[in-house]
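Show me the folded form of this:
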Amino acid sequence: MEALEQQESQGMTRRALRIWAFVFVCLGILSRSVLQNGILHIQTVSPEELLEQMSASRLTMILTTAALVLQAVETCAIPIFLFLLVEGVGHTGNVGKYFLRVLGLAFLSEIPYNLAMSGKLWEPATRNPVFAMAVSLALFYFFKRYQGASPLHLVVKLFVFTAAMLWVGFLGVEYGPAILVLAVVLWLLRLHAKFRILGGAATAAVCSLFSPYFMASAMSFLILHFYNGQKGKENRLAGYLTYPILLLVGALATYLFL
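Numbers count the residues shown, from 1 in each chain. Here you go, the predicted model:
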């Protein structure tokens, strides 16, 4: 027991990584719900009007810059959650149930996500990123089932990945393509601890081609470097409910400024 506690003190458990991820999520909600929607009202002003306001007010310029930076920092949560998904697949006996839990979280988070990001109950153009996490788990299932390098297995994996990319694009899942690309790289490098940090960080940087906000996501691998392989004390229910609750808090905070 003492040896285990000493090992945990020398690095970060999965619980600690999840806490870091939720910190980044909170910063993103602060950016988009409070700063962009509640204070700056970016949803209702044109880019030209926003530039005029920034030119006329130093405070508006500072708040706009802070909002953009925090939205970029928010993407640091994505590699951490994907890393935890890969670890979770390695420690679960039933990937199907794991997939259903994450998919359920995606549906549960959709209305809170819409309220926090746009102030609407339903936003037909976009879906929350948890849907891409669920699709990533489906990819892991097929990749695990067709592990070989035979032509048939490679064709199956390529087909499944292409279908997944088309699916998240059709649904308009936020950061969907970037999430899937990074998920595949983390899965392929899951058995190579040294390379998955470098390869994951490089892939995260390349994923900024999908969204410029993703440029900051590579910094999360500095945190992932200290993962010690331990689970830590976790509450599964709290872990799943934290995201929609944070979104609801962000949505409520937005209305305080309207």
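
can you list the residues that contact stretch 214-232?
Under the contact criterion CB atoms under 8 Å, 6 or more residues apart in numbering, stretch 214-232 has outside partners 4, 7-8, 10-17, 20, 24, 72-73, 75-80, 83, 91, 175, 178, 182, 197-198, 200-202, 204-205, 207-208. In short, each C-beta sits where N, CA and C put it, glycine included.

Quick one, which of the residues you listed are buried?
Taking 16 or more other CB atoms under 10 Å as the criterion, what is buried in those is 8, 12-17, 20, 24, 72-73, 75-80, 83, 175, 178, 182, 197, 200-201, 204-205, 207-208.

where does the stretch 151-258 of the chain have low pLDDT?
By pLDDT under 70, the weakly predicted segments of the stretch 151-258 of the chain are 257-258.

now the helices: where do they sit in it?
151-171, 176-188, 193-206, 220-224, 236-257 (DSSP state H, counting those that start in this stretch).

Quick one: distance of the second one to the chain centre.
Put plainly, it is helix 176-188. Distance of helix 176-188 from the chain centroid (CA atoms, centre = their mean, to the nearest Å) equals 11 Å.

what's the angle between it and helix 193-206?
Calculated by axes from the mean of the first three to the mean of the last three CA atoms, to 10 degrees, helix 176-188 forms an angle of 170 degrees with helix 193-206.

Report all helices and strands that helix 176-188 contacts.
Contacts defined by 3 or more CB pairs under 8 Å, 6 or more residues apart in numbering; DSSP states H and E place helix 176-188 against helix 77-91, helix 130-145, helix 151-171, helix 193-206.

what residues are up against residue 136?
Contact analysis of residue 136 by CB under 8 Å, 6+ apart lists 82, 85, 164, 179, 180, 183.

Identify, from the residues you listed, the entry nearest to residue 50.
Using CB to CB, residue 179 comes nearest to residue 50 of these, at 28.4 Å.

Look up how far residue 217 lies from that closest one.
Using CB to CB, to the nearest Å, residue 179 is found at 10 Å from residue 217.

Any chance you could list residues touching both of these two?
Counting by CB under 8 Å, 6+ apart, the common neighbours of residue 179 and residue 217 are residue 78.

count of neighbours near the nearest residue to residue 14 once chain neighbours are set aside?
Nearest non-adjacent residue to residue 14, counting by CB to CB, 6 or more residues apart in numbering: residue 231, 5.2 Å away. Burial measure for residue 231: 11 neighbouring residues, criterion other CB atoms under 10 Å.

just residue 190 next, same as before
Residues contacting residue 190 under the criterion other CB under 10 Å number 15.

One more: residue 126?
Residue 126, neighbours per other CB under 10 Å, totals 16.

who's in contact with it?
By CB under 8 Å, 6+ apart, the contact set of residue 126 is 117, 172, 173, 174.

in the sheet, who's paired with the third one?
Beta-bridge pairing for residue 173 (DSSP bridges): residue 127.

quick one, what contacts it?
So residue 173 contacts 126, 127, 128, 129, 131, 132, 135, 179 (CB under 8 Å, 6+ apart).

Now the two most distant members of those.
That would be 126 and 135, which, of the contacts of residue 173, are the farthest apart (CB to CB) at 15.1 Å.

Please identify which of the contacts of residue 136 is nearest to residue 56.
Looking across those and measuring by CB to CB, the closest to residue 56 is residue 179, at 38.2 Å.

Hmm, residue 79 and that closest one touching each other?
No. Residue 179 is beyond contact range of residue 79, at 9.3 Å (criterion: CB atoms under 8 Å).
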